[in-house]
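Show me the folded form of this:
(2 chains)
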Amino acid sequence: MKQILQSLLDTAVNDMIKDAGLSNDLPEYTIETPNNPEHGDFATNVAMKSAGIFRKKPIDIANDIVSRLKHPMIMSAGAVMPGFINFSIDSGFYHDLVKKAATDDSLFKSSIGEGRKVMVEFVSANPTGPLHIGHGRNAAYGDSLAKIMTAAGYDVHTEYYVNDAGNQMNNLGKSIYARYMELSGKEFAFPEDGYHGQYIIDIAQELFNEHGEDLAQMPDAQGTDVCFKKGLHDIKENIADTLKNFNVDIELYFSENSLYENGDVPSSLEYLKERGFVFEKDGALWFRSTEFGDDKDRVVKRSNGDYTYFASDIAYHKNKFDRGFMTVIDVWGADHHGYVKRLSSAIDAIGYEDREFQVSLIQMVNLVNAGERVSMSTRAGSFIELDELIKEVGNDAARYFYTMRDYEAQFDFDIALAKKREYDNPVFYIQYAHARVQSVLRKAKEDNIEYELCSGLEKLKSKEELEIIKKIYDYINVLEQSARNRQPHRIGYYLQELASMFHSYYFNNKMLNGDDKDLTSARVTLAVAVGNTIRNGLALLGVGAPDRM
RNA sequence: GCGCUCAUAGCUCAGCUGGAUAGAGCAACGGACUUCUAAUCCGUAGGUCGAAGGUUCGAAUCCUCCUGAGCGCGCCA
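Got it, this is the predicted structure:
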């Protein structure tokens, strides 16, 4: 419908430009669905946007445009001050929409992505311990974004970057080894930056059960290595399990260490060196990020010979582009924002000009428990695990809560509240709307009430019914906005509104009317259309749509 | 000190890249179950969009300057 209007308007305005003897391009304008029903089904600001071209009052232009529009879909069109044009649409077109929404999923998919290859890299938490509540937001966001962009026609691939190289891995090995030695009654200094969580002790205990005191007999370096390998393996597995339980799809766990093993790190630095962006100073290797507006140049290889984390990140992102991704989206915690300029500089230096790099900085989750603030540090071991949260509040509620708010705003996750609110929660409200639809279908079957899907639709003519259909049609708009702006939270708000409209409609109107087959058919079709919309929307958020509750 | 993000109803937050009378949920108050699930619905109340300027037909939205909160500024990751 919108496309039809747009092409009608484009033609009308183009004709007017020609008639006026001008050669301007069309102005950018919007066609939207007004919140105020008195403003019709659609409204456009094209006349106001054209005021500069024609040097006339917007209202006069609007009237001129209206006089040029003719189409069976348009029941009426009118120009109002200060220059909006409002349209009312013939209800037959709405009935076609319900039919579509009730029978297939084509209304819930968009093609604005045009098959563009996109990588979303997210979570990427260091494999030094289980995921905690802070990671949950990143995981929920990234997964929903990927699902949304897929529905919007992008070719999306998801990845988790595993930082299985560098100092922290040494610390992990030593931490486990120290705990192991404790169990063996021996001493090994616990590393200063070691990890204190219970899971470290658990891993050590497993090693002890498995090997007895064998590891204590080895040289420390060798024992530490065994501990490290076991620790990394177990922690990675734990993280992958948690994400799977959280309904998060990661297509590939990409190992940082693999970039060292195959030589990508030095070779990508060499590549930048050839292009003149890497130089030597004070015995270290530097990347000239000031060239791209960064505050200072950054070290990529330390004077002691170690590569920095930044170096492997350069290699990783070059690798992403080399694999043909046109858009690369990184989902990071907001505390890493100081790192954005550095990496985007390096990507500029790599020089794939047709590519796009974006970072979504997920704001902090402040953990609150009954008013008391809980700090979350992996090292101190005082964090609440994501697993625990999922167990407490359920996967659906957790996923929904995390993506309920704009990722750019920080929010307090009050655990006590989340536990308590189980039945007082927007996600259940939405799911209940879906379950109600299924319940109607079950009831019809039980009572042998006859109806025919997609027939009798001319009965759908009340204001309430047409509003719901318009809302269903608005889904595609929300999906596209959500994908474009990388804002999954819009979906949740939309679903809440749709569910609310349906609950109200359901309460005031009987879906099943045994004596009136046409009316029953029409209303059941509308209900099914709503149910399908909700199921599709919830799926984007990683939330299930149960048939009964 | 420099940089990033945020500030909207009592609370938690939306507000569709500048549109028409700023919206929801929770909390508060008043109503609706002989019903396809009351996990629902209907109504009432609640606002100087942090403050001040600017840009234009039009600003919660864009610009400048303040105020306040969070985070970041390493040859760590």
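
Any stretches of chain A with poor pLDDT?
Confidence mapping of chain A against pLDDT under 70 gives the ranges A:369-383, A:416, A:420-423.

Give me the phi and psi for the residue located most distally from the centre of it.
In chain A, residue A:217 marks the outermost C-alpha relative to the chain mean, sitting 49.7 Å out by C-alpha atoms, centre = their mean. Residue A:217 adopts backbone torsions of phi -80, psi -20, taken as degrees, to the nearest 10.

ok, now residue A:78?
Per degrees, to the nearest 10, the backbone of residue A:78 is at phi -140, psi 140.

show me the contacts for the residue of the stretch 1-150 of chain A at minimum distance from RNA strand B.
Taking C-beta to the nearest atom of the strand, RNA strand B has its nearest neighbour within the stretch 1-150 of chain A at residue A:43, 2.8 Å off. Glycine gets a C-beta too; all of them are placed from N, C-alpha and C. Neighbour list for residue A:43: A:31-34, A:84-87 [criterion: C-beta atoms under 8 Å, 6 or more residues apart in numbering].

Are any of those buried, and if so which?
Neighbour-count burial (16 or more other C-beta atoms under 10 Å) applied to the contacts of residue A:43 gives A:31, A:33, A:84-87.

how about stretch A:437-454, does it get close to RNA strand B?
Yes: using C-beta under 7 Å from any atom of the strand, stretch A:437-454 comes into contact with RNA strand B via A:439-440, A:442-443.

would you turn these into a markdown table with secondary structure and neighbour count?
Converted to a markdown table, the residues of stretch A:437-454 next to RNA strand B look like this (DSSP: H, G, I helix; E, B strand; the rest coil; neighbours: other C-beta atoms under 10 Å):
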| residue | secondary structure | neighbour count |
| --- | --- | --- |
| A:439 | helix | 17 |
| A:440 | helix | 22 |
| A:442 | helix | 12 |
| A:443 | helix | 12 |
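
These: which two are farthest apart?
A:440 and A:442 (7.3 Å; C-beta to C-beta).

check which helix or strand covers residue A:22.
When elements are assigned from DSSP states H and E, residue A:22 belongs to no helix and no strand.

That one - how many residues pack around it?
For residue A:22, the tally of surrounding residues (other C-beta atoms under 10 Å) stands at 11.

give me the element the closest residue to it other than its chain neighbours is part of.
Closest residue to residue A:22 apart from its sequence neighbours, by C-beta to C-beta, 6 or more residues apart in numbering: residue A:53 at 6.6 Å. Using DSSP H and E, residue A:53 sits in helix A:51-54.

Quick check: which helices or strands does that helix pack against?
helix A:58-68 (3 or more C-beta pairs under 8 Å, 6 or more residues apart in numbering; DSSP states H and E).

what are the phi and psi angles of residue A:299?
Phi and psi for residue A:299, reported as degrees, to the nearest 10, are phi -80, psi 130.

Would you map out the domains in chain A?
Using automatic domain parsing, the domain parsing of chain A gives A:2-89, A:95-111+A:425-540, A:167-245.

Pretty sure residue A:208 sits against residue A:182.
No: assessed by C-beta atoms under 8 Å, residue A:208 is found out of contact with residue A:182, at 9.4 Å.

out of those two, which sits in the more crowded spot?
Taking other C-beta under 10 Å, residue A:208 and residue A:182 do not tie; residue A:208 has more neighbours (19 against 15).

Correct me if wrong, but the more buried one is in a helix.
Yes: assessed with DSSP: H, G, I helix; E, B strand; the rest coil, residue A:208 lies in a helix.

got a list of what it touches?
Contacts of residue A:208 (C-beta under 8 Å, 6+ apart): A:180, A:183-184.

residue nearest the centroid of chain A?
In chain A, the C-alpha nearest the mean C-alpha coordinate belongs to residue A:145, at 2.1 Å (C-alpha atoms, centre = their mean).

For RNA strand B, tell me whether the helix or strand containing residue A:315 is touching it.
Following DSSP H and E, the helix or strand that holds residue A:315 is helix A:309-322. Yes: using C-beta under 7 Å from any atom of the strand, we find that helix A:309-322 touches RNA strand B at A:309-310.

Check which helices and strands that helix sits against.
Against helix A:309-322 (3+ C-beta pairs under 8 Å, 6+ apart) you get helix A:256-261, helix A:264-274, strand A:298-301, strand A:327-333, helix A:340-350.

Try it again at 6 Å.
Contacts defined by 3 or more C-beta pairs under 6 Å, 6 or more residues apart in numbering; DSSP states H and E place helix A:309-322 against helix A:256-261, helix A:264-274, strand A:298-301, helix A:340-350.

Between strand A:327-333 and that helix, find me the angle.
Using axes from the mean of the first three to the mean of the last three C-alpha atoms, to 10 degrees, one finds that helix A:309-322 and strand A:327-333 are set 150 degrees apart in direction.

My reading is that residue A:77 lies in a strand. Confirm?
Yes: under three-state DSSP, residue A:77 falls within a strand.

and of the residues of stretch A:437-454 next to RNA strand B, the nearest to residue A:49?
Distances from residue A:49 to these, taken as C-beta to C-beta, are shortest for residue A:440 (44.9 Å).
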